[in-house]
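Peer 1: here are the coordinates; sequence isn't available:
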């Protein structure tokens with residue numbers, strides 16, 4: 001009997017092998033086209049842009065003329081690029097810090113199990129459902145002195161009221177910050193609220209038994225436990241800040257003058273507006289390096305920490 005089973009076993013194994021192989025390879029076959037498209041249209045174009053940044057391309061790609069790091073030297077000596085970097089620094093710092101503070105405050109407010117939480121949560125999240133183009137156009141109208149807030153105040157009798165930031169070169173970048181904060185704070189609130197709801201209630205109860213106040217519990221226990229949420233929020237907001245383009249175009253189109261230029265706007269205008277494809281590609285590579293400088297340490301801290 002044992003010998004018969006030993007003879008039949010290879011036959012059964014060989015019959016099951018094609019089915020097992022299909023089950024093993026089917027997910028790979030299904031995902032292969034997606035990986036191929038990502039490889040070509042994401043990483044392939046990154047490599048292509050990298051080659052462009054070392055070429056003398058103008059209106060069209062031209063790999064017959066190589067300039068080395070010449071485009072990068074021209075880029076960092078161009079006044080519009082310096083203005084773009086300064087605006088990016090102002091926008092990023094204010095955007096990330098204020099969004100994080102407002103998002104955390106709203107999350108703590110909703111975490112108190114208040115009435116109407118189910119109504120307030122979608123209201124806070126609603127702006128994120130809009131595109132940055134819609135947000136930019138709406139805030140452009142709202143801040144325009146001729147038809148927006150200033151005009152309404154004058155119609156109501158407050159003739160001395162003035163709010164012309166969007167028309168002032170030294171203040172226009174802050175109007176973009178305001179619009180971006182309005183759109184993204186609800187999303188950050190959702191991230192922090194999820195983190196708050198994930199804190200172990202036993203820790204909170206133990207602190208309450210020891211006589212700790214609510215403010216102390218949040219300051220000493222809950223908020224320090226939310227370090228991964230803070231890190232995730234920083235990565236998301238920094239990524240949105242670096243690639244900010246549509247909001248700027250919709251609100252000011254870089255104006256007045258070059259007062260609200262950002263690296264993404266610089267890249268678009270120089271590549272497609274001024275026929276400087278090589279310099280535009282160089283600016284795109286610099287932006288990519290900025291994003292890598294944020295994403296890579298984040299992934300290392302997350303994946304490296306889990307392996308340990």
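Peer 2: Done, it's in. Bear in mind that the values here come from a model prediction, so they are computed numbers and not experimental data.

Peer 1: residue contacts, the most centrally placed residue in the chain?
Peer 2: Nearest to the mean C-alpha position of the chain, by Cα atoms, centre = their mean, lies residue 240 at 2.8 Å. Each residue near residue 240 by Cβ atoms under 8 Å, 6 or more residues apart in numbering is listed here: 95, 180, 184. For the C-beta atoms, the positions are set from N, CA and C on the backbone; glycine is no exception.

Peer 1: which of those lies closest to residue 268?
Peer 2: residue 180 (18.2 Å; Cβ to Cβ).

Peer 1: thought that closest one was touching residue 92?
Peer 2: No: using Cβ atoms under 8 Å, residue 180 is not in contact with residue 92, being 10.1 Å away.

Peer 1: quick one: which of the two has more around it?
Peer 2: Using other Cβ atoms under 10 Å, the more surrounded residue of residue 180 and residue 92 is residue 180, with 26 against 19.

Peer 1: How much space separates residue 132 from residue 40?
Peer 2: 27 Å (Cβ to Cβ, to the nearest Å).

Peer 1: Of these two, which one has the most company?
Peer 2: More crowded of residue 132 and residue 40, by other Cβ under 10 Å: residue 132, with 20 against 10.

Peer 1: still on that earlier bit, need the contacts of residue 240 in CSV with distance to residue 111 and pLDDT, can you?
Peer 2: Formatted as CSV, the contacts of residue 240 follow (distance: Cβ to Cβ, whole Å; pLDDT from 0 to 100):
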residue, distance to residue 111, pLDDT
95, 24, 97
180, 25, 96
184, 20, 94
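
Peer 1: Save those residues as a markdown table, and put in distance to residue 32 too.
Peer 2: Output for the contacts of residue 240, formatted as a markdown table (distance: Cβ to Cβ, whole Å):
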| residue | distance to residue 32 |
| --- | --- |
| 95 | 39 |
| 180 | 38 |
| 184 | 36 |
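
Peer 1: thinking again about what came up before, so which bits of the helix or strand harbouring the residue nearest to the centre of the chain are buried?
Peer 2: Using DSSP states H and E, residue 240 maps to helix 227-242. Judged by neighbour count using 16 or more other Cβ atoms under 10 Å, the buried positions of helix 227-242 are 229-230, 232-238, 240-242.

Peer 1: Is residue 298 in contact with residue 228, as I believe?
Peer 2: No: the criterion here is Cβ under 8 Å, and residue 298 misses it with residue 228 at 10.0 Å.

Peer 1: Quickly list what's touching both of residue 180 and residue 92.
Peer 2: Common neighbours of residue 180 and residue 92 are listed as residue 241 (criterion: Cβ under 8 Å, 6+ apart).

Peer 1: Just put the buried residues of helix 227-242 in TSV and tack on pLDDT.
Peer 2: Formatted as TSV, the buried residues of helix 227-242 follow (pLDDT from 0 to 100):
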residue	pLDDT
229	92
230	93
232	91
233	93
234	94
235	92
236	93
237	95
238	94
240	93
241	95
242	94
